[in-house]
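[1] give me a 3D structure for the following:
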Amino acid sequence: MGMRNVPNQAHQALHADEQPATNRNGRELLNAAEVFAVESVARSWWYVGSTFCLMIASLIGAGLAPWWPLQLLLSLFAGLVLVRAFISYHDYMHKAILRDSKLAWLLFRIYAAFALTPPRAWSKSHNYHHGHVGKITDSCIGAFPLITTEMWRSASRWQRFQYRLQRHPLIVLLGYFTIFAYSICLESLFRNPARHWDSGLVLLVHSALISVLWIFGGFELALFVVLLPMIVASALGSYLFFAQHSFEQMIIIKPEDWTFDRSALESSSYMKLNPVMRWFTGNIGYHHIHHLNVRIPFYRLPEVMAAIPELQTPPTTSLKLSEIIKCFKSSLWDENLQKMVSFRYANQMV
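    All right, here's what the predicted structure looks like:
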């Protein structure tokens, strides 16, 4: 009910410069954001229900359309809607929306099998990610590894190859196979089969769905209903995740100075997107706010940015080609320069 009293976001954004610069940080800033970590259950169900209905309808259309160009169009569209569906799953796993709903539990477990996101493995790796954003780590648990130029220079050829491979654009763009199928599902299953049995179940159900569609409808049916939408969704989702924590303005924080608010404001980006892409990506571009408080529902993130002045000047990225290139070039942290640098720069300084 209180949502009706929220001031117009566009008006607030236009007049952000008129708001007092209070420069809150630490607990004070966290408390300011905490006010928005309240969902409207009806609103959550509207966004989740409409997204899943649209996703299912577009997938069915991609399978049944009588003309392959229309199948292709619907399949690509379904891939984009899958990204939005993933954000709702992501919020559910963070307990930001529908946390007490048995129907949501069932719906998102079914979705997890389709989207190769087993709840146990995904939660463990993603929670690790939230606790290590803005830190130097050669681990790729829940994130892409990030090391310093000094570590790079002392690394063996094999270690350098592994590091470059894990951050290579093809690894990101082929995320369906490299990240979702392999890193999230297979690695967790091999590492601890007893704990991550759901990873095996997800892989089994996902593979069975592709097989059934292929056997009874041919390769085109499997391609347009599962493979192509998942390739598109995984590529976009993987890049969004990469760019939100690997960008030119990113700051690495010393362990003794690390806090959640600093990692949110200095090591997480705000991705500038047009309204259409903001819808498809479920506002995940407001990533600095999400890292400040994971319990804020995705549909309230723009409202938070409009209301809190300290969150209105974050480091930014976008989906422009020039920005994408900059993100992929931001490969190592130089402790002397206190900035992200490229492999070429690090090698020249040897």
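[2] packing partners for the helix or strand harbouring residue 241?
    Assigned by DSSP states H and E, residue 241 falls within helix 228-243. Helices and strands touching helix 228-243, as assessed by 3 or more Cβ pairs under 8 Å, 6 or more residues apart in numbering; DSSP states H and E, comprise helix 41-64, helix 68-93, helix 169-173, helix 175, helix 321-329. C-betas here are computed from N, CA, C, even on glycine.
[3] residues making contact with the third one?
    Helix 169-173 has contacts (Cβ atoms under 8 Å, 6 or more residues apart in numbering) with 165, 178-179, 235, 238-239, 242, 328.
[4] just to revisit the earlier point, just want the angle from the helix holding residue 241 to helix 68-93.
    For helix 228-243 against helix 68-93, the angle by axes from the mean of the first three to the mean of the last three Cα atoms, to 10 degrees is 50 degrees.
[5] show me which of the contacts of helix 169-173 are buried.
    Among these, those classed as buried by 16 or more other Cβ atoms under 10 Å are 178-179, 235, 238-239, 242, 328.
[6] how about TSV for these, with pLDDT added?
    Shown next, in TSV, are those (pLDDT from 0 to 100):
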residue	pLDDT
178	94
179	93
235	96
238	94
239	95
242	93
328	95
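[7] state the distance from residue 306 to residue 276.
    20 Å (Cβ to Cβ, to the nearest Å).
[8] which non-adjacent residue is nearest residue 89?
    Distances taken as Cβ to Cβ, 6 or more residues apart in numbering place residue 108 nearest to residue 89, at 5.1 Å, with adjacent residues excluded.
[9] give me the neighbour count for that neighbour.
    23 (other Cβ atoms under 10 Å).
[10] that one reaches residue 87, doesn't it?
    No - in terms of Cβ atoms under 8 Å, residue 108 does not count as a neighbour of residue 87; the distance is 11.8 Å.
[11] quick check: of the contacts of helix 169-173, which lies closest to residue 69?
    Of all the contacts of helix 169-173, residue 235 has the smallest distance to residue 69: 21.0 Å, by Cβ to Cβ.
[12] tell me how far that closest one lies from residue 299.
    The value you get for residue 235 to residue 299, if Cβ to Cβ is used, is 24 Å.
[13] picking up where we left off before, other residues contacting the next helix or strand after the helix holding residue 241?
    Note on helix 228-243: by DSSP H and E, the next helix or strand toward the C-terminus is helix 260-266. Outside helix 260-266, the residues within contact range by Cβ under 8 Å, 6+ apart are 25-26, 29-30, 133-135, 250-251, 253, 288-289, 291-292, 310-311, 314-315.
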